[in-house]
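Chemist: below is the structure, and that's it, no one-letter string:
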């Protein structure tokens, strides 16, 4: 199963750690705050617990701070049906050319 | 079918128009730059063309600018299996309390 991980994290340090962690687990960046990749159920658990470990260091949110990560399961077919609208390529915006 | 719309738009005006448009189409905000909702195939086409209309006004991207919208199809069951990791509720971060 493919999983799409979408995060909205205002804390630069935590956001950077999350991106590095997801990359280390073999997920690919498909948008600035979006990674995707094939994960088995045990790999998913590993990613989930790792993300909790990173985010748990943040005890509370100050006014205006956000720390939200959402993980969605998709089939390969659904992932292939994704629609891209915009300018430039479907990439991570940090020079990482991800898909096409 | 449920659709999750994820966008990364550096231009404040365009980003605001996209959010207003998605809200006007009945989609709910579940993260700062993520909306979701049930759409028929004709409604999906309507959303897609509307998003192209909004984004097409931007002719080119300056260095460091990003304009990317991704739309993923999910079943209700998959949407219910989504995983939320973070602090605070799964909301849009602008006071709009979306899900739970």
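Modeler: Arrived safely. As the structure is a prediction and not an experimental result, all values here were calculated from the model.
Chemist: what residues of the helix or strand hosting residue A:71 count as buried?
Modeler: Using DSSP states H and E, residue A:71 falls within strand A:67-74. Buried residues in strand A:67-74, counted by 16 or more other Cβ atoms under 10 Å in any protein chain shown: A:67-74. Yep, even glycine has a C-beta here, placed from its N, CA and C like the rest.
Chemist: avg pLDDT for it?
Modeler: Mean pLDDT, computed over strand A:67-74, is 97.
Chemist: what about the longest helix in chain A?
Modeler: helix A:41-56 (DSSP state H).
Chemist: near chain B, anything from it?
Modeler: Yes. Using Cβ under 8 Å from any Cβ of the partner chain, we find that helix A:41-56 touches chain B at A:48, A:51-52, A:55.
Chemist: CSV for these, including pLDDT?
Modeler: Shown next, in CSV, are the residues of helix A:41-56 next to chain B (pLDDT from 0 to 100):
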residue, pLDDT
A:48, 97
A:51, 97
A:52, 96
A:55, 93
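Chemist: now a ChimeraX select for only the buried ones of the residues you listed.
Modeler: A single ChimeraX command suffices to select whichever of the residues of helix A:41-56 next to chain B are buried according to 16+ other Cβ under 10 Å:
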select /A:48,51,55
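Chemist: in chain A, which spans are strands?
Modeler: In chain A, the segments counted as strands under DSSP state E are A:2-9, A:28-31, A:34-38, A:67-74, A:83-87.
Chemist: ok, the nearest residue to residue A:3 once chain neighbours are set aside - contacts?
Modeler: Closest residue to residue A:3 apart from its sequence neighbours, by Cβ to Cβ, 6 or more residues apart in numbering or on different chains: residue A:39 at 5.0 Å. Counting by Cβ atoms under 8 Å, 6 or more residues apart in numbering or on different chains, residue A:39 touches A:1-3, A:25, A:27, A:47.
Chemist: most surrounded residue in those residues?
Modeler: residue A:47 (25 neighbours; other Cβ atoms under 10 Å in any protein chain shown).
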